[in-house]
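Participant: Predicted model and sequence below, questions to follow.
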Amino acid sequence: MSCFRIDLTSPLELIFYGLSLLQAFRALQLAGVIRRDWSGFRQPPLTRYKMQLVEQGAFLLAIPPSVIVHEYFHAIPIWLFGGRVVNCGYGFYWGFVQPDRIFPAGQEWVISLGGTLGSLLFTAVLFFLLYRHQSQTLRYFARQSLKTLSYYSLIYYPIFSAVTFIGDWRIIYDFGATPILSGGTAVFHAALLFLFWQANRRGWFEMVGHSSQKEAAAFAQLKANWQNSPHDPKLALAYVDALRRGGAPQKAKTVLEQTIAQNPNLAGAYLQLALIQTSGKRNVPKTAVTHFEKAVQLGLDAPGQRAIAHQFLSQYYLDIGQGAAALHHLDEAIAATTALPESSQHLLQTAQLYHLRSLAHQRQRQHEQARQDAEQALALAQAAGDEKGIAFYQRELAVLHGQNGRS
């Protein structure tokens, strides 16, 4: 097809092209970053930075060719049914073809479904080309592109068609015109969505990132040890922690479910579950609060774990305006840190706790205690030599001095 052109009289088409060009610009930038270090990109280990590039590429780089295939799979049945394509458009992340006539209902259904079948075929071919590649990064791209393109074809596009009344799925699911074909599609569509949900829930699309080959080897050994002794709770929690830190939270949750089923009173399991539920969230979710509290009630052995649990609980109570409850958890967290070995990381973690306790005191209008905790946070940041932390705590202290009538 050589009829790709922009209709300058269509505001909707212009908006789509404008948004697609912005995404295409981002795709070019991403492609440039990967191309400049293509050899390093393919080499092990699979780092968290490479994982981020792959996750962006699964959308920005994989969707444009899938759209071309999608539109050609609309055109093929049009030609087979004796029609012609009189107009078409391609905007990298969207497209359309316009036939020269309206076809019978069954043929319209085939033409509309053809695009999605083409997208899914492209997705399958890309996956099978890469999922056994010697490069772990490209194997991760295979999984992430399968996830992204399946989501785009089976969830996003049907919702878009339902909301805007534009797109193939309004014809595919025209039960009045094609009840049997639409009904059969709905059953198959639901089955695919169920498989997609199960795969995503079990972490099938995930892989674990590492900062070095040494770390990757240590993880491989840990995984092997856990597989040999899956009922060992300490091994299970260590494996879960490595999965969570490596960017595989769904895999970690799957292992946690098995571990909790075998050890319902294992405090560390509920802590890990709460940390997964909190990851990436601006505020601490209520479900995570329940699990943090259960972990504390069951008894966390490691002081670092107690400090983390009480810190997240204090943040939750600060967010909902319960200063007294936040103070209680911060007292517990600070007390737990006294048992931790001295290090820069320990000093900065404790400084953050004093800063949070300063905020809690402010909520309680206890300005002198707030100032004292702010001064302690600054002193710890200075001891750790953290310039950004020092500047931040100095600003916070200046605000508190102003509240107390000091210059």
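Facilitator: Done, it's in.

Participant: Roughly how far does the residue nearest to the spatial centre of the chain sit from residue 290?
Facilitator: For the chain, the residue nearest the mean C-alpha position is residue 280 (7.7 Å; CA atoms, centre = their mean). Applying CB to CB, to the nearest Å, the value for residue 280 to residue 290 is 18 Å. (Glycine included, C-beta is placed from N, CA and C.)

Participant: what pLDDT does the residue nearest to the centre of the chain get?
Facilitator: What the model reports as pLDDT for residue 280 is 87.

Participant: List the contacts of residue 283.
Facilitator: Contacts for residue 283 (CB atoms under 8 Å, 6 or more residues apart in numbering) come out as 315, 316, 319.

Participant: nearest to residue 384, of these?
Facilitator: Top of the list for closeness to residue 384, among the contacts of residue 283 and by CB to CB, is residue 315 at 21.0 Å.

Participant: What number of residues are in the vicinity of the closest one?
Facilitator: 18 (other CB atoms under 10 Å).

Participant: Could you check how far the residue lying closest to it once chain neighbours are set aside is from residue 277?
Facilitator: Among residues not flanking residue 315 along the chain, residue 284 sits closest, at 5.5 Å (CB to CB, 6 or more residues apart in numbering). With distances taken as CB to CB, residue 284 is found 9 Å from residue 277.

Participant: Residue 334 too?
Facilitator: 24 Å.

Participant: all strands for the stretch 51-200 of the chain, in order.
Facilitator: Secondary structure of the stretch 51-200 of the chain (DSSP state E, counting those that start in this stretch): strands at 85-90, 95-99.

Participant: okay, the angle between the first one and strand 95-99?
Facilitator: When you say that, I think you mean strand 85-90. 180 degrees (axes from the mean of the first three to the mean of the last three CA atoms, to 10 degrees).

Participant: Which positions within strand 85-90 qualify as buried?
Facilitator: If you call a residue buried by 16 or more other CB atoms under 10 Å, then strand 85-90 has these buried ones: 85, 88, 89, 90.

Participant: Out of these, the closest to residue 113 would be?
Facilitator: The closest of the buried residues of strand 85-90, once distances to residue 113 are taken by CB to CB, is residue 85, at 17.0 Å.

Participant: pLDDT value on that closest one, please?
Facilitator: 92.

Participant: cool, residue 135 as well?
Facilitator: 96.

Participant: who touches it in this structure?
Facilitator: Applying CB under 8 Å, 6+ apart, the residues near residue 135 are 42, 43, 44.

Participant: Next one: the last one from residue 98, what distance?
Facilitator: Distance, residue 44 to residue 98, by CB to CB: 48 Å.

Participant: shaky segments in the stretch 151-300 of the chain?
Facilitator: Within the stretch 151-300 of the chain, no range satisfies pLDDT under 70.
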